[in-house]
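J.: sequence first, then the predicted structure:
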Number of protein chains: 2
Amino acid sequence: MTKTVISSPGKEVVIGFDSPFVIIGERINPSGRKLLAAEMKAGDYSRVEAEALAQVAAGAQMLDINAGIPLADEPRILAEVIQLVQSLTDAPLSIDSSIVAALAAGLAVYQGKALVNSVTGEEERLQSVLPLVKKHGAAVVAISNDETGISEDPDVRFAVAKKIVERAADYGIPRHDVVVDPLVMPVGAINQAGRQALSIIRRLREELQVNTTCGASNFSFGLPNRHALNWSFLAMAIGAGMTSAITNPLHSEEMSAVMGANVVMGHDPNCAHWIAKFREAAGGDGTTGRRRGRRRQR
Amino acid sequence: MTKTVISSPGKEVVIGFDSPFVIIGERINPSGRKLLAAEMKAGDYSRVEAEALAQVAAGAQMLDINAGIPLADEPRILAEVIQLVQSLTDAPLSIDSSIVAALAAGLAVYQGKALVNSVTGEEERLQSVLPLVKKHGAAVVAISNDETGISEDPDVRFAVAKKIVERAADYGIPRHDVVVDPLVMPVGAINQAGRQALSIIRRLREELQVNTTCGASNFSFGLPNRHALNWSFLAMAIGAGMTSAITNPLHSEEMSAVMGANVVMGHDPNCAHWIAKFREAAGGDGTTGRRRGRRRQR
């Protein structure tokens, strides 16, 4: 029963086959958000603070921290944001950068066992990121692409994941500290993307015995009613064995998908979380409860 | 690739591993509906007509017909309703009764290849229902309980299903004409009910190679926000291999679950059904599309 333990000084989160699904909040990321990028570059972290607190309040067990801003001092900003977020919440963090120096700066200030996001199967990445992960005793997200790009063949993506797990072992990183992202493709472009994803997630769990994560919303890219489609996809991916996702906990559909999937997987004892969230009495999520309640009477 | 073909004079529906999920509309059923029961007993089938048309319009590919009314002439009413519904729609029918004489009366008037709902593993049911199914060249729903009741052990439920498939074969009914209902339990009472259901559905598909169906809404019995929970469960059951369900097509959550799961399974070529249903331009489901559209902007 593979378990990846990520921690802060005050909290341990277990990503694992027999644990509730772990939501890693994706919102502290300036990509495509001009205002947030400008603020972060100028050292104004007020929006970062708000996003950290809102995501934890919405149910994210972990937070992803990305400071990828063009022409900015990414290592410094990433380290500052990590220190700030760790002062606000005990949610363990995923340190997210494509720049090795930024990962190093983030790991240097991080308190606890972090999740490094990410390494790919590219030789240069393996050689630069894995020693850093080992040095800090961290866990790492392994993205299943390599020098040849992202294969449309799920067998190739599985093979790349296997290679990364093996290379990590060479550096002394156990497989339970490698969380594989099988790279979910947009189903609007590749009709078999969903089936492929379910198949590779099952293989990663059964054959490679690793935990998995994904940027779930990529699946619905370009299609209408995306959150509804994400709902079915996330639930099915969890049924196939996916154990975490980097996603937006502020979307009620995705959160309902995950909470419902936890119930189906037997990871919500006595359905206590489901009932607490949705009971119609005071104390539940009144808005959602009432809306659903009305529908039920049709 | 197991295929169960159910037909009317004008339409064939395929329940199968490589086909879109089949929704069998459950609404023509007087159980727990006093007004409908009284009307049907009095020969007033206006509500039956409305339910038939509404369910087909909502996307049900088949309709379940049940006329189980206490102290009524069930065989006559069931036969009349089947003839009426077949005059209104070409959706193939599931003939649903616990009374063998009613199944016989229904099958006698049905035009096409019906789905008989149902036989159990009880010896007396096997001996009375299976010859009738064979005589009419019908398919049959096999419910995985027997004289000892419904086992909480999924291995026992699987074994009962296997016995029914074998007994059906003895009567000349091929396994592709047996659609197994693995009996989904309420997760509010049995915390492992979802996991058990996914496991038995997978075994029914991989080991027994049969199609499956279920009354999906039983899963969420007694819990709040039932349709949201049904959404995750239905999607996950489809991911595990379930190929049909007897459910209410008028509920938008369950329909979205199924339509999304069809996309994930690669059973909605070019996502054409999803796009047609949810695109925000005129012609789509404007209400849902706009509501989801607003949410997306949060």
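T.: Perfect, thanks for sending it.
J.: now A:Trp274, nearest residue through space, not along the chain?
T.: Spatial nearest neighbour of A:Trp274, excluding adjacent residues (CB to CB, 6 or more residues apart in numbering or on different chains): A:Val263 at 5.2 Å. Where you see a C-beta, it was placed from the backbone N, CA and C, and this is true even at glycine.
J.: okay, and the one you found sits in which element?
T.: When elements are assigned from DSSP states H and E, A:Val263 belongs to helix A:252-264.
J.: tell me the phi and psi of A:Asp146?
T.: Here is the backbone geometry of A:Asp146 (degrees, to the nearest 10): phi -140, psi -160.
J.: can I assume it is in contact with A:Glu122?
T.: Yes - A:Asp146 is in contact with A:Glu122 according to CB atoms under 8 Å; the separation is 5.4 Å.
J.: who has more neighbours out of those two?
T.: Neighbours around A:Asp146 and A:Glu122, counted as other CB atoms under 10 Å in any protein chain shown, are more numerous at A:Asp146. The numbers are 20 against 17.
J.: quick one: residues contacting the more buried one.
T.: Contacts were defined as CB atoms under 8 Å, 6 or more residues apart in numbering or on different chains; by that measure A:Asp146 touches A:120-122, A:160, A:163.
J.: which one of these has the most neighbours?
T.: If you rank the contacts of A:Asp146 by neighbour count (other CB under 10 Å), A:Val160 sits at the top with 24 neighbours.
J.: quick check, that residue in a helix?
T.: Yes - secondary structure assignment places A:Val160 in a helix (DSSP: H, G, I helix; E, B strand; the rest coil).
J.: in the stretch 1-150 of chain A, mark out all the strands, start to finish.
T.: With DSSP state E, counting those that start in this stretch as the definition, the stretch 1-150 of chain A shows strands at residue ranges A:3-8, A:11-16, A:22-28, A:62-66, A:93-96, A:115-120, A:139-143.
J.: then the stretch 151-298 of chain A?
T.: Under the criterion DSSP E, counting those that start in this stretch, the stretch 151-298 of chain A carries strands at the ranges A:178-181, A:211-212, A:244-247.
J.: low-confidence ranges, chain A, go.
T.: Applying pLDDT under 70 to chain A picks out residues A:280-298.
J.: list the contacts for the residue nearest to A:Ser256 when sequence neighbours are not counted?
T.: For A:Ser256, ignoring the flanking residues on the chain, the nearest one in space by CB to CB, 6+ apart is B:Ala228 at 4.8 Å. Remark: with contacts taken as CB under 8 Å, 6+ apart, B:Ala228 is in contact with A:256, A:260, A:278, A:292, B:253.
J.: does stretch A:8-16 reach chain B?
T.: No - using CB under 8 Å from any CB of the partner chain, no contact is recorded between stretch A:8-16 and chain B, whose separation bottoms out at 15.1 Å.
J.: please save the CA atoms from that stretch in PDB.
T.: The C-alpha atoms that make up stretch A:8-16 are tabulated as PDB, following Å, rounded to 0.1, in the frame of the first residue of the first chain:
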ATOM      1  CA  SER A   8       4.900  20.900   7.200                       C
ATOM      2  CA  PRO A   9       6.000  21.500  10.800                       C
ATOM      3  CA  GLY A  10       2.300  21.100  11.900                       C
ATOM      4  CA  LYS A  11       0.800  18.600   9.500                       C
ATOM      5  CA  GLU A  12       1.300  15.400   7.600                       C
ATOM      6  CA  VAL A  13      -0.600  14.700   4.400                       C
ATOM      7  CA  VAL A  14      -0.700  11.100   3.100                       C
ATOM      8  CA  ILE A  15      -1.200  10.500  -0.600                       C
ATOM      9  CA  GLY A  16      -2.000   6.800  -0.800                       C
END
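J.: out of the contacts of B:Ala228, who has the most neighbours?
T.: Counting neighbours by other CB under 10 Å, A:Gly260 comes out on top of the contacts of B:Ala228 with 32 neighbours.
J.: for it, which non-adjacent residue is closest in space?
T.: By the measure of CB to CB, 6+ apart, the closest residue to A:Gly260 outside its immediate chain neighbours is B:Ser232, 2.8 Å from it.
J.: OK, contacts around the one you found?
T.: Counting by CB under 8 Å, 6+ apart, B:Ser232 touches A:231, A:235, A:256-257, A:259-261, A:263-264, B:257.
J.: nearest to B:Val187, of those residues?
T.: Closest approach between the contacts of B:Ser232 and B:Val187, by CB to CB: A:Val263, at 5.7 Å.
J.: that closest one: neighbour count?
T.: Counted with other CB under 10 Å, the neighbours of A:Val263 add up to 28.
J.: on that earlier part again, need the strands of the stretch 151-298 of chain A in TSV (columns: distance to B:Gly241 and mean neighbour count).
T.: TSV is the format used below for the strands of the stretch 151-298 of chain A (distance: least, CB to CB, whole Å; neighbours: other CB atoms under 10 Å in any protein chain shown):
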stretch	distance to B:Gly241	mean neighbour count
strand A:178-181	24	26
strand A:211-212	20	28
strand A:244-247	23	27
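J.: sorry, back to before: next one: the residue nearest to A:Gly260 from A:Phe21, what distance?
T.: Remark: distance between B:Ser232 and A:Phe21 (CB to CB, to the nearest Å) = 11 Å.
J.: isn't A:Ala58 up against A:Met255?
T.: Yes - taking contacts as CB under 8 Å, A:Ala58 lies within contact range of A:Met255: 6.8 Å.
J.: overlap in contacts, those two.
T.: With CB under 8 Å, 6+ apart applied, the overlap between the contact sets of A:Ala58 and A:Met255 consists of A:Pro249.
J.: number of nearby residues for A:Val81?
T.: Taking other CB under 10 Å as the criterion, the count of residues near A:Val81 is 23.
J.: contacts only, for A:Ile275.
T.: When contacts are counted by CB under 8 Å, 6+ apart, A:Ile275 touches B:223-224.
J.: measure it to B:Ala257 for me?
T.: To B:Ala257, A:Ile275 is 21 Å away according to CB to CB.
J.: can I get the contacts of B:Ser232 in CSV including distance to B:Glu152?
T.: Output for the contacts of B:Ser232, formatted as CSV (distance: CB to CB, whole Å):
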residue, distance to B:Glu152
A:Trp231, 29
A:Ala235, 24
A:Ser256, 28
A:Ala257, 27
A:Met259, 25
A:Gly260, 22
A:Ala261, 22
A:Val263, 18
A:Val264, 17
B:Ala257, 26
